[in-house]
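**Q** Any chance you could fold what I've pasted below:
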Amino acid sequence: MRRAYLLAAAMLLAVACSRPTKSSLPSPSGAADANNDPSPGQSDGADASTDPSSPGQSDAADAGADPTPSVPLSPLPGELYYVQLGLSGLALGEAAIIVGPDGKIVLVDVGNDSHADDLHAAIDATIDAMNAAGFVPRQHGVIDDIILTHHHADHTNGLAQLLELVQVSGRVIHRGYYDVGAVDASTFESSCAALAARPSLELALCSGAARAPCATGSWQGTYPVTSCSPEVADALLSFGAEAGIHIFALNGIIDGQPYGTLPTDTHGENARSMVALVRRGDFRLLLGGDLTGGGSSTPPVEGFFAPYLGSAAGIDILGVDVLHAGHHGRKTSSSQPWIDALLPRDGRSRNAIMGVSEGHVNSPHDEVLEILLSASRLREGFAWTTLVALFGSRSAGLIDAEGGSVVLRTHLAGKMYDIQAVSRGGAVITAQRYPSVHAGQ
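**A** Here you go, the predicted structure:
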């Protein structure tokens, strides 16, 4: 993993002068920049798919509500807030902040060790906004829970440093130190040691006869999982009535059904990623870490999981409103059966988001943009990315936050939602409002 950082840095420096400094915004039908006149069908803040010709969305929400915000979204009591953070520097990293309608703060992954200060600053800025919005006052540096989707460095290497900077009042939730695939040694050892020093913080959702020890050189052996119980985190991650985070699959297991033998290489670690449904009322967002779908010879775990989405998470034929496209928009994730189940082509508008950093060279991949954006799958929705990395692909349906963040907040208790690309300097690049696909159902 360290060698990958150095390689990415070298590539970036070698061609820095050839990279465009600013991308042009896509303008497919129905897309409106929040700082300009709204597009047809959005003059009253609603997606054009509220037209009665779009099944199930004609009565989606009160279309006379506030227009799409043209200033950066911030947490609001009663609404779900999600920000896919743009992490600076050349190190690979991904992290997101979720604020529940009740004011609970949950981090999903923590980036690399070089991102701890950035993440700390983002947490405090979020708390300032929450205090100004009327949530129960909260001190700087205090969060509720952290979810680690898997053990790769770009998702967990910042944990040890972050725990020195913030106070976690709840738990650090991960699958446990079992069936560890190919991971960076220093990442594993530092995060393992950080939690071992704070045993009351750790909530491992899987168990086995013996967990991998933290000591250098002693954890690479076989420490198999015997069972996983993701439901034990439900109460902890509840945001009150009709809102919360439901972890329903991990370590290649969904609804009690195991995928089978997973490799112990890098792809195997990705394949063990947690999958979670984030909900507020009618609104649904699916998170999947770096879950693999079969591309580049990875285990096709997404396709195995797809038939169980209903029984494990209550995901019906309408799928979700927003999908976190796994593995930074790379073709190892976002397989056809996964996308068909979660973002079906049914005439409704949906969106996909990707967390990409400078080090994720080639992200997003052409193949992922093709499956997300072809044949009007998202209708008037978009694929949103924190960054188009070096050699990454672009498309008319892709919105690039240019190293900034992708921010989302529900509206009318989840009947609708706003989504924005916000630059590192805090400017809104573009903003859209959509009805939730389950509204009125």
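
**Q** So what are the sheet partners of the one helix or strand Ile399 maps to and their directions?
**A** Under the criterion of DSSP states H and E, Ile399 resides in strand 398-400. Sheet pairing for strand 398-400, assigned by DSSP bridges, gives strand 383-385 (parallel).

**Q** What does the pLDDT read for Ser334?
**A** Ser334 is assigned 98 on the pLDDT scale.

**Q** ugh, wrong one, I meant Val183
**A** 87.

**Q** where's it relative to Ala396, distance?
**A** 37 Å (Cβ to Cβ, to the nearest Å). Heads up, the C-betas are built off the backbone N, CA and C, glycines and all.

**Q** do the same with Glu164
**A** From Glu164 to Ala396 the distance is 44 Å (Cβ to Cβ).

**Q** Just want to know which of those two has more residues nearby.
**A** Ala396 (13 against 10; other Cβ atoms under 10 Å).

**Q** so where's the stretch 101-250 of the chain uncertain?
**A** For the stretch 101-250 of the chain, the stretches with pLDDT under 70 are 220-221.

**Q** Swap in 80 and give it another go.
**A** 181, 216-222 (pLDDT under 80).

**Q** Let me see the ranges of the strands in it.
**A** 105-110, 142-143, 145-147, 167-168, 172-174, 202-204, 206-207, 227-228, 243-250 (DSSP state E, counting those that start in this stretch).

**Q** Pull up the pairing partners for the helix or strand just after the last one, direction included.
**A** The reference is to strand 243-250. Next in sequence after strand 243-250, counting helices and strands by DSSP H and E, comes strand 253-254. Paired with strand 253-254 in the same sheet, following DSSP bridges, are strand 243-250 (antiparallel), strand 257-258 (antiparallel).

**Q** ranking the strands of the stretch 101-250 of the chain by burial, who's on top?
**A** Highest mean neighbour count among those (mean count of other Cβ atoms under 10 Å): strand 105-110, with a mean of 26.

**Q** relative to strand 243-250, how tilted is that strand?
**A** 30 degrees (axes from the mean of the first three to the mean of the last three Cα atoms, to 10 degrees).

**Q** out of the strands of the stretch 101-250 of the chain, nearest to Gly392?
**A** Checking the strands of the stretch 101-250 of the chain against Gly392 by Cβ to Cβ gives strand 105-110 as the closest, at 19.9 Å.

**Q** Dump the C-alpha coordinates for that closest one into PDB.
**A** What follows is strand 105-110, C-alpha atoms only, in PDB (Å, rounded to 0.1, in the frame of the first residue of the first chain):
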ATOM      1  CA  ILE A 105     -22.700  11.900  14.500                       C
ATOM      2  CA  VAL A 106     -21.300   8.800  12.800                       C
ATOM      3  CA  LEU A 107     -18.100   8.600  10.700                       C
ATOM      4  CA  VAL A 108     -17.900   6.000   7.900                       C
ATOM      5  CA  ASP A 109     -14.200   5.200   7.400                       C
ATOM      6  CA  VAL A 110     -11.500   7.600   8.400                       C
END
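
**Q** How far does it sit from its chain's centre?
**A** 10 Å (Cα atoms, centre = their mean, to the nearest Å).

**Q** for that strand, packing partners?
**A** If you count contacts as 3 or more Cβ pairs under 8 Å, 6 or more residues apart in numbering; DSSP states H and E, strand 105-110 packs onto strand 95-99, helix 116-133, strand 142-143, strand 145-147, helix 153-156.

**Q** State the three-state secondary structure for Leu92.
**A** Classification of Leu92 by DSSP: H, G, I helix; E, B strand; the rest coil places it in coil.

**Q** Surely it touches His115?
**A** No: look at Leu92 against His115 with Cβ atoms under 8 Å: they stay out of range, at 9.6 Å.

**Q** The chain: helices as residue ranges?
**A** 2-14, 116-133, 153-156, 159-165, 185-196, 266-271, 301-305, 309-313, 326-329, 336-342, 366-373 (DSSP state H).

**Q** Quick check: buried residues in the longest one?
**A** I take that to be helix 116-133. By 16 or more other Cβ atoms under 10 Å, the buried positions in helix 116-133 come out as Ala116, Asp118, Leu119, His120, Ala122, Ile123, Asp124, Thr126, Ile127, Ala129, Met130, Asn131.

**Q** And the fifth one, by the same measure?
**A** For helix 185-196, the buried set under the neighbour-count rule, 16+ other Cβ under 10 Å, comprises Thr187, Phe188, Glu189, Ser190, Ser191, Cys192, Ala194, Leu195.

**Q** Please work out which residues outside that helix touch it.
**A** 1-2, 113, 148, 151-153, 156-157, 159-160, 163, 172, 177, 180, 201-202, 212-216, 219 (Cβ atoms under 8 Å, 6 or more residues apart in numbering).

**Q** What subset of these is buried?
**A** Buried members of the contacts of helix 185-196, counted by 16+ other Cβ under 10 Å: 1, 113, 148, 151-153, 156-157, 159-160, 163, 172, 177, 180, 201-202, 212, 214, 219.
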